[in-house]
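Chemist: The sequence and its predicted three-dimensional model are supplied below.
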Amino acid sequence: MPGVTKEQVAAARRMTAIEFLRRYRANDLVKSSARGEFELKSHDSFKINGESSLWHWKSRGIGGKSALDYLMHVEGCSFVEAVRLLCDEQPVFTPQKHADVERKRPPFKLPEKSPTTTRLEAYLRCRGISQAVIDHCLQAGILYESLPYHNCVFVGRDADGVPKYAALRGTYTYGKQFKAESTGSDKRFGFCIEPTAESKTVAVFEAAIDAMAEMTLAGDAVDADFVDKYRLSLGGIYAPEPGKDIHPPAALEEFLAQHPRMDRIEFCLDNDPPGRAAAAALARLYGERYQVAVRLPPIEGFDYGDLAQAALEYRTRNKAKNCARQQTKYKEGTR
């Protein structure tokens with residue numbers, strides 16, 4: 001083969017993607033929320049198994065196992081470049097800039113829409129989301145149920161209202177939770193619940209369901225007539241490296257560019273180590289230009305989705321206790 005020998009190709013194929021990332025991209029590789037899984041700071045939807053080395057770049061619909069596949073499909077090397085890089089003792093290839101990768105983005109396509117929302121509503125209600133908030137998002141056209149798998153689809157739109165991003169979440173309440181992004185999704189355009197009146201405040205969340213959960217807990221949209229502020233999902237975050245600045249989230253940067261009159265940002269991230277670190281770093285980053293507030297869930301380890309579900313379970317237990325007390329009173333009164 002021109003430029004490389006058969007021996008070099010064979011040697012290059014022996015290195016797994018996870019081995020390459022751990023040795024040469026350690027600063028970009030971080031633990032994800034799933035057991036045994038890692039992700040890249042530079043590509044939020046890239047996931048790789050720490051044992052099998054199987055990787056999947058969800059937003060591009062591609063995957064593999066070897067370091068050779070990773071370098072060609074993710075970092076943009078040619079075959080010969082990738083082989084030479086892997087045969088070098090100290091790989092120094094510089095990945096393509098994010099803008100160059102974005103130009104290769106496949107066409108965005110929303111999943112097919114189901115004529116019903118039965119599964120979606122049942123799932124979100126069991127997660128503690130109020131029916132009023134669900135209805136509000138359905139009517140706004142930023143939420144629907146898909147076919148054929150009946151996933152929740154959280155839609156992000158550009159300034160003209162054109163869908164550009166979609167986060168998918170399975171509606172099954174058992175087994176491993178399905179989470180993904182539609183092919184071609186542009187993370188600059190996050191799921192956003194808009195206020196019903198003029199507002200200069202945006203609350204920022206890691207996931208769309210967290211935004212809906214906090215809206216439920218805040219009591220907004222109880223009658224679907226009033227929503228007090230923008231609620232924006234970033235589609236995930238990563239904790240900055242110690243001593244380094246955090247990279248501005250694409251969804252928040254795009255939102256602020258579209259809404260130049262914003263003067264307050266509330267960081268409502270998860271109350272876990274990555275969430276706390278990211279919230280503090282983002283508050284520092286934006287604190288000179290905006291009023292900022294860090295509003296994490298009050299329970300360590302919780303996100304706002306967990307908080308809404310816990311509130312639902314508390315109400316359910318109290319309702320059961322009240323029913324039991326009423327039954328006891330009734331029985332005592334009939335004796």
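Modeler: Cool, the structure landed.
Chemist: Isn't D210 up against Q309?
Modeler: No - contact criterion CB atoms under 8 Å: D210 and Q309 do not qualify, at 11.3 Å. Every C-beta, even on glycine, is put in place using the N, C-alpha and C of the backbone.
Chemist: Those two: which has the busier surroundings?
Modeler: Between D210 and Q309, counted using other CB atoms under 10 Å, D210 has the larger neighbour count: 25 against 18.
Chemist: Does that one lie in a helix or a strand, and which?
Modeler: helix 208-218 (DSSP states H and E).
Chemist: Share the number of residues neighbouring G287, please.
Modeler: 11.
Chemist: mind checking how far it is from A279?
Modeler: Here the criterion is CB to CB, to the nearest Å. By it, G287 lies 12 Å from A279.
Chemist: Remind me which helix or strand D69 belongs to.
Modeler: With DSSP H and E as criterion, D69 is part of helix 67-73.
Chemist: buried stuff in the helix or strand that that helix is followed by?
Modeler: Next helix or strand after helix 67-73 toward the C-terminus (DSSP H and E): helix 79-87. Buried residues in helix 79-87, counted by 16 or more other CB atoms under 10 Å: E81, A82, V83, R84, L85, L86, C87.
Chemist: Summarise which helices and strands helix 79-87 is packed against.
Modeler: helix 6-14, helix 67-73 (3 or more CB pairs under 8 Å, 6 or more residues apart in numbering; DSSP states H and E).
Chemist: Specify the stretch among those that is closest to K229.
Modeler: helix 67-73 (40.0 Å; CB to CB).
Chemist: if we look at stretch 179-189, which residues are touching it?
Modeler: Contact with stretch 179-189 is made by 44-45, 58-61, 102, 105-111, 153, 156-158, 164-170, 235, 250-251, 253-254, as judged by CB atoms under 8 Å, 6 or more residues apart in numbering.
Chemist: give me that answer again for 6 Å
Modeler: Applying CB atoms under 6 Å, 6 or more residues apart in numbering, the contact partners of stretch 179-189 are 45, 58-59, 61, 105-108, 156, 158, 164-169, 235, 250-251, 254.
Chemist: Tell me the secondary structure at F154.
Modeler: Secondary structure, DSSP: H, G, I helix; E, B strand; the rest coil: F154 is strand.
Chemist: The residue nearest to it when sequence neighbours are not counted: what's it in contact with?
Modeler: Spatially, and ignoring its direct neighbours in sequence, F154 is nearest to A208 (3.7 Å; CB to CB, 6 or more residues apart in numbering). Shown in contact with A208 (CB under 6 Å, 6+ apart): F154, A167, F191, S233.
Chemist: So which of these is surrounded by the most neighbours?
Modeler: Neighbour max across the contacts of A208 (other CB under 10 Å) = F191, 27 neighbours.
Chemist: That one and S233 touch, don't they?
Modeler: Yes - in this structure, F191 is within contact of S233 by CB atoms under 6 Å, at 4.2 Å.
Chemist: contacting residues for the most centrally placed residue in the chain?
Modeler: Central residue check for the chain by CA atoms, centre = their mean: the C-alpha nearest the mean position is that of G235, 2.9 Å away. The neighbours of G235, taking CB under 6 Å, 6+ apart as the test, are K187, G190.
Chemist: again, 8 Å this time
Modeler: D44, G156, Y165, A167, E181, K187, G190, F191, E206, A207, A251.
Chemist: Throw those into TSV and include distance to A11 and pLDDT, thanks.
Modeler: TSV is the format used below for those (distance: CB to CB, whole Å; pLDDT from 0 to 100):
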residue	distance to A11	pLDDT
D44	32	63
G156	43	97
Y165	40	93
A167	40	92
E181	35	84
K187	36	86
G190	43	95
F191	45	97
E206	41	92
A207	42	93
A251	41	92
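Chemist: Out of those, the closest to F20 would be?
Modeler: D44 (19.7 Å).
Chemist: Of all the residues in stretch 262-269, which ones are buried?
Modeler: M262, I265, E266, F267, C268, L269.
Chemist: Please name the bridge partners of the third one.
Modeler: Legend: beta-bridge partners of E266 under DSSP bridges are A203, A293.
Chemist: Now do the phi/psi pair for F46.
Modeler: The phi/psi pair for F46 (degrees, to the nearest 10) reads phi -90, psi 130.
Chemist: any idea how far it is from L217?
Modeler: Distance from F46 to L217, by CB to CB: 32 Å.
Chemist: Tell me the secondary structure at the closest residue to P195 other than its chain neighbours.
Modeler: Excluding the flanking residues, the one nearest P195 by CB to CB, 6+ apart is V227, at 4.7 Å. Classification of V227 using three-state DSSP returns coil.
Chemist: okay but V227 is in contact with C192, surely?
Modeler: No - distance between V227 and C192: 11.3 Å, which falls outside the contact criterion (CB under 8 Å).
Chemist: All good on my end, thank you.
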